[in-house]
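Engineer: Got a sequence here, can you model it:
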Amino acid sequence: MFDVVSVQLPVEGDVAGQVQSVIDEAFRVDRVEPLSEAYVRAVREGVADGAEGARCFIATLAGEPGRVCGVAVVLPDRMGEMVVDPRFRRRGVGDALVDAMRSAGVVEGVWAHGNVPAAQGFAWSHGWSVQRELLVMRIENQEARLAVDELAARPVAGDLVWMDYPGAVQRFGQDWVHEQWLRVNNDAFDWHPEQGGWDEAQLRRSMAAQWFDPQGVLLLVDEQAGRLVGFHYTKWHGSVPSGQGSVVRGEVYVVGLHRDYQGRGLGSPLVAVGVKHLFGRGAAEVILYVEADNEAAVATYERMGFGVIERHVVYAV
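Structural biologist: Below you'll find the model as predicted:
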């Protein structure tokens, strides 16, 4: 039997170490990170975009509060993530965590990163259906890299110029850059549950992350109009575990193009210039996340040489 308690975030002390051990063991077995960045930050730091008011539930062996078997985190958007120590799977830990989330009335969907067999079986046993699917795509082979380099080198039309974040700040000032960055982001992602509706505070929290690289923020500026056209916000993972031991990874984190400039053939170069930057910094592979039902974007990435390596889904509960 298992006990489930609701705990304050961030998780601290011995419990924090136990939670990390569960996360590490799940990754060792599944080769997929069980919790996404926002949820991990909520657990470790108590803060992340949209994490204010997040709830955390920890499952322990009955009578052994120091033996953590699983953890679930629910953000205020009512989306949850949970991870069960593989050594305790199929013993009721997941059921106990789901019951706790439901009893608290805080969850509507649960992410399954990688949608591994254990997650699929659990979802099937509960009659859950897939509500949302997110693809992880990767580019790594030399032929594709050469094609990206060629695409990134193509001149853009008119008065459009490329700048990185430091160069744009020096030219226009930080206030202008942030205002324009948020304007384009919120125009391009007005439909998106996580990326849309950003404000200055969210942008600054994102820039405060350890992985942030100012030179990895590439901006396309219309000098004549005095406005930002689009941006490619890259993420540097560095050396990460892989099936071959480790690999140096970069990520197409966010690519945004203002709707006034869509349909002009700028989307692919905007992606390519960031990918080229990441390979130039030393990445052996570059990944990205894209909604599975965004068929146009998926097709664009496939033409550039990206292929699907993981599928993350939200199960409606």
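
Engineer: Domain ranges for this protein, per the record?
Structural biologist: 2-127, 136-311 (automatic domain parsing).

Engineer: I'd like the average pLDDT over the first one.
Structural biologist: It stands for domain 2-127. Averaging pLDDT along domain 2-127 gives 89.

Engineer: got the end-to-end distance for it?
Structural biologist: With C-alpha to C-alpha, to the nearest Å as the measure, domain 2-127 spans 23 Å from end to end.

Engineer: ok, now the longest one?
Structural biologist: Its start and end residues considered, domain 136-311 measures 6 Å (C-alpha to C-alpha).

Engineer: what distance separates it from the centre of its chain?
Structural biologist: 13 Å (C-alpha atoms, centre = their mean, to the nearest Å).

Engineer: repeat for the first one
Structural biologist: The chain centre lies 17 Å from the centre of domain 2-127; the measure is C-alpha atoms, centre = their mean.

Engineer: Kindly report the same for stretch 119-137.
Structural biologist: 18 Å.

Engineer: Give the buried residues for the helix or strand that contains Ala296.
Structural biologist: Using DSSP states H and E, Ala296 maps to helix 295-304. In terms of neighbour count (16 or more other C-beta atoms under 10 Å), helix 295-304 has its buried residues at 297-298, 301, 304. Every residue, glycine included, has its C-beta placed from N, CA and C.

Engineer: Equivalent analysis for stretch 163-181, please.
Structural biologist: So for stretch 163-181, counting by 16+ other C-beta under 10 Å, buried means 163-165, 167-169, 172, 177-178, 180-181.

Engineer: Just put those in JSON lines and tack on distance to Gly94, pLDDT and secondary structure.
Structural biologist: Below are these laid out as JSON lines (distance: C-beta to C-beta, whole Å; pLDDT from 0 to 100; DSSP: H, G, I helix; E, B strand; the rest coil):
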{"residue": "Met163", "distance to Gly94": "48", "pLDDT": "96", "secondary structure": "strand"}
{"residue": "Asp164", "distance to Gly94": "45", "pLDDT": "98", "secondary structure": "strand"}
{"residue": "Tyr165", "distance to Gly94": "42", "pLDDT": "98", "secondary structure": "helix"}
{"residue": "Gly167", "distance to Gly94": "49", "pLDDT": "98", "secondary structure": "helix"}
{"residue": "Ala168", "distance to Gly94": "47", "pLDDT": "98", "secondary structure": "helix"}
{"residue": "Val169", "distance to Gly94": "47", "pLDDT": "98", "secondary structure": "helix"}
{"residue": "Phe172", "distance to Gly94": "51", "pLDDT": "97", "secondary structure": "helix"}
{"residue": "Val177", "distance to Gly94": "45", "pLDDT": "98", "secondary structure": "helix"}
{"residue": "His178", "distance to Gly94": "42", "pLDDT": "98", "secondary structure": "helix"}
{"residue": "Gln180", "distance to Gly94": "45", "pLDDT": "98", "secondary structure": "helix"}
{"residue": "Trp181", "distance to Gly94": "40", "pLDDT": "98", "secondary structure": "helix"}
